[in-house]
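>>> turn this into a structure:
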Amino acid sequence: MVFQVTMMIVVAGCAGPSAPEEAVVATYTLPDTVTFAEHIAPIVRTNCLPCHRAGHAGPFPLITYADVAKRSRMVRDVTGRGYMPPWPADTTYARYLGERRLDARQIALIAKWVGQGLLPGDTSALPEPETPIAHHGLGEPDLEVWLPDTFHQPGDRRDHFIIAKAPYELPRDTFVRAIAFVPGNRRAVHHMNGALIEYGEGTKTDVFTGAQYIDAEVMRSLDAFTALRLANDDGTYPPMVPSAVNYLPGMEATVYPEGIGGYYFKRKGTFLMNSLHYGPMPRDTVDRSHVAVWFAAKPPERPLQELQLGTNGVTPVEPPLRLKAGEVGTFHTQYTLPKDISVLTVNPHMHLLGKAFLAYAVTPQNDTVPLVRINQWNFRWQYAYTFERMLPLKKGSVIHVFGTFDNTANNPDQPYKPPRDVVGTDSRFMRTTDEMFQFFVNYVDFREGDERVELGKGRSAK
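This next block holds a predicted model:
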């Protein structure tokens, strides 16, 4: 026997921050009896197991019936509030690859299973859980670039934000298909935002000199540049590819279909971890992370290009990013496309005062194309969102980005007590307590038929 549930969900409209709300009705059916084996295990294994297993970011395992039953009420509560699994983007607005977000029926199944007393079902018939395939089945990396030394994290129950570099020197220039950050201690490392710095021939004698780990709360801006010795030998600064490699718990390397995207590595370079966040730990611990790199046999047929809007980007933030203590404000940036493009991945970025984020494009025909909406910004969960298919945008389309910031004492992530006036910074190095408003768009030049190109074909089936 089944019974039907009708739920009224309220979501924001798509036209902008001030758009009216609209109601969406979700109708689903639930079985009369819910068991772990038949109904709950598939949900947990798909959405929870990638992090909640040995050696990964989840603080406890969620593999067996006993694991989940032990924490069943917590699982019910955090899934019911949408806190877990973490997926900030609003899937009623746009859809992406690798979404880890439960629908209303899955949430209701978990709640009913707990309410019925955690019925196990025939757990003996459950297959052994498959270990998620790392990096979408790319295989062993061709190059591992290690951070120079071990980081010692004190057990002071505080967040630690570190700036570090992982330099490398290759026999020759080469093509690269994919890059991934691999934490050495997944329970300690919360997230990492990294750039790629490359040195031209003869511009840098020794890429390995300089500081190893810098406390971002103590040193900032050009002082960190100097301490890391990132400059060329003549004192000029080399070009930097922002957001070349990023990490969050459960996040894997972005892998596009063969021939799409990739990088060209010069012989000497370094990965710059400009925000390496270690979460609060109750005991002293250590970490030594590295970057995995997969080479490509030939240059990409369609090179990946990046558009950066807002702070440090090609467009100004309007009005300038300034927030007085106790103020909530919304800011905007926009960019008109000078050519036809096909969007692959978008990446929103703000810091602790972020409250909400919205990006969309308006075509020359005045149609609105959703890019990303995050109704409740969380600094701890920042993803790059890859579309299921390429998303073509025509020349003349205008990309609009809105960010709302909360500089009041009511913001649970408020870094200052009491709040202080905040001015957005365009420094390449900054503390987490500084503020930013950025939007990255990874794209390729448009070709006919791009709207049918499935970006998931570059990934493993599991």
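>>> which residues does the nearest residue in space to Asp445 that is not next to it in sequence bridge with?
Nearest residue to Asp445, sequence neighbours excluded (C-beta to C-beta, 6 or more residues apart in numbering): Ile341, at 6.4 Å. The C-beta positions use only the backbone N, C-alpha and C, and glycine is treated the same way. Taking DSSP bridges, one finds Leu393, Asp445 as the beta-bridge partners of Ile341.
>>> per-residue confidence at Ile341?
We have a pLDDT of 98 for Ile341.
>>> count of neighbours near it?
The tally of other residues near Ile341 (other C-beta atoms under 10 Å) stands at 22.
>>> any low-confidence regions in this protein?
For the chain, residues meeting the criterion pLDDT under 70 lie at 1-26, 55, 57, 130-137, 220-221, 249-253, 425-432, 457-462.
>>> report the residue ranges of every domain in it.
Using automatic domain parsing, the domain parsing of the chain gives 2-132, 135-296, 305-458.
>>> quick one on the thing from earlier: ok, now which ones touch the residue nearest to Asp445?
Ile341 sits next to 305, 392-393, 443-446 when contact means C-beta atoms under 8 Å, 6 or more residues apart in numbering.
>>> can you tell me how far it is from Val291?
The gap separating Ile341 from Val291 is 28 Å, by C-beta to C-beta, to the nearest Å.
>>> what residues are up against the residue positioned nearest the centre of the chain?
The residue lying closest to the centre of the chain (C-alpha atoms, centre = their mean) is Tyr383, at 1.7 Å. Shown in contact with Tyr383 (C-beta under 8 Å, 6+ apart): 87-89, 248, 251, 347.
>>> same check, this time on Leu309
Counting by C-beta under 8 Å, 6+ apart, Leu309 has contacts 315, 333-335, 399, 401, 438-441.
>>> what's the closest of those residues to Ala37?
Taking C-beta to C-beta as the measure, Ala37 lies nearest Phe440 of the contacts of Leu309, at 42.5 Å.
>>> any idea what that closest one is bridged to?
Legend: beta-bridge partners of Phe440 under DSSP bridges are Gln308, Asn347.
>>> just checking, it touches Val343?
No. With contact defined as C-beta atoms under 8 Å, Phe440 does not reach Val343; the gap is 10.9 Å.
>>> ok, Tyr164 touching Leu276?
For residue 164 the amino acid is Ala, not Tyr. Yes. Assessed by C-beta under 8 Å, Ala164 is found in contact with Leu276 at 5.7 Å.
>>> what about those two, which has more around it?
Leu276 (27 against 24).
>>> now that one: how far from Arg447?
Leu276 sits 37 Å away from Arg447, going by C-beta to C-beta.
>>> just Gly313 next, same as before
For Gly313, the distance to Arg447 - C-beta to C-beta - is 26 Å.
>>> of these two, which one has the most company?
Gly313 (20 against 12).
>>> surely the more buried one touches Met436?
No. With contact defined as C-beta under 8 Å, Gly313 does not reach Met436; the gap is 10.2 Å.
>>> specify the beta-bridge partners of Asn193.
In this entry, Asn193 is beta-bridged to Asn246, Ser275, by DSSP bridges.
>>> equivalent analysis for the one 4 residues further on, please.
Residues in a beta bridge with Ile197, per DSSP bridges, are Met240, Thr270.
>>> same question for Leu30.
Counting by DSSP bridges, Leu30 forms beta bridges with Phe3.
>>> so what's the residue count around it?
Residues lying near Leu30 (other C-beta under 10 Å) number 16.
>>> wait, isn't it in contact with Ala111?
No. With contacts counted by C-beta under 8 Å, Leu30 stays clear of Ala111, the gap being 9.6 Å.
>>> for the stretch 51-200 of the chain, what spans make up the helices?
Secondary structure of the stretch 51-200 of the chain (DSSP state H, counting those that start in this stretch): helices at 65-70, 72-80, 104-115.
>>> wait, isn't Arg158 in contact with Tyr278?
No. Checked against C-beta under 8 Å, the pair Arg158 and Tyr278 is beyond contact range at 9.1 Å.
>>> out of the two, which sits in the more crowded spot?
The neighbour comparison of Arg158 against Tyr278 (other C-beta under 10 Å) goes to Tyr278, with 23 against 12.
>>> contacts only, for the more buried one.
Taking C-beta under 8 Å, 6+ apart, we find Tyr278 in contact with 151, 153, 159-162, 188-190, 287.
>>> now the strands for the stretch 301-450 of the chain?
Along the stretch 301-450 of the chain, counting by DSSP state E, counting those that start in this stretch, strands occupy 305-310, 322-323, 328-336, 341-350, 354-362, 368-374, 385-393, 398-406, 422-423, 437-445.
>>> what pairs with the fifth one, parallel or antiparallel?
Using DSSP bridges, strand 354-362 pairs in its sheet with strand 368-374 (antiparallel), strand 398-406 (antiparallel).
>>> so which of the ones you listed is nearest Asp421?
Closest approach to Asp421 among the strands paired with strand 354-362 (C-beta to C-beta): strand 398-406, 12.4 Å.
>>> strand 437-445 and the closest one, what's the angle between them?
Orientation check (axes from the mean of the first three to the mean of the last three C-alpha atoms, to 10 degrees): strand 398-406 against strand 437-445 gives 160 degrees.
>>> ok, and what's touching strand 398-406?
With contacts defined as C-beta under 8 Å, 6+ apart, strand 398-406 is touched by 16-17, 307, 309-310, 321, 323, 328-337, 348, 350, 353-362, 371, 377, 393, 414, 422, 435, 437, 439, 441.
>>> what's the answer for stretch 171-183, then?
Residues contacting stretch 171-183 (C-beta under 8 Å, 6+ apart): 135, 138, 141, 144, 189, 192, 194, 196, 244-247, 252-255, 261-267, 287, 289-300.
>>> and the closest residue to Arg229 other than its chain neighbours, what does it touch?
Take Arg229 and drop its neighbours on the chain: the residue closest to it by C-beta to C-beta, 6+ apart is Gly210, 3.2 Å away. Counting by C-beta under 8 Å, 6+ apart, Gly210 makes contact with 165, 227-230.
>>> quick check on those: which are buried?
Buried subset of these (neighbour count, 16 or more other C-beta atoms under 10 Å): 165, 228-230.
>>> pick out the most distant pair among these.
Pairwise distances across the buried ones among the contacts of Gly210 (C-beta to C-beta) peak at 8.7 Å, for the pair Lys165 and Arg229.
>>> let's have the contacts of Leu309 in CSV, adding neighbour count.
Shown next, in CSV, are the contacts of Leu309 (neighbours: other C-beta atoms under 10 Å):
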residue, neighbour count
Thr315, 18
Thr333, 23
Gln334, 17
Tyr335, 20
Ile399, 23
Val401, 27
Gln438, 21
Phe439, 28
Phe440, 19
Val441, 24
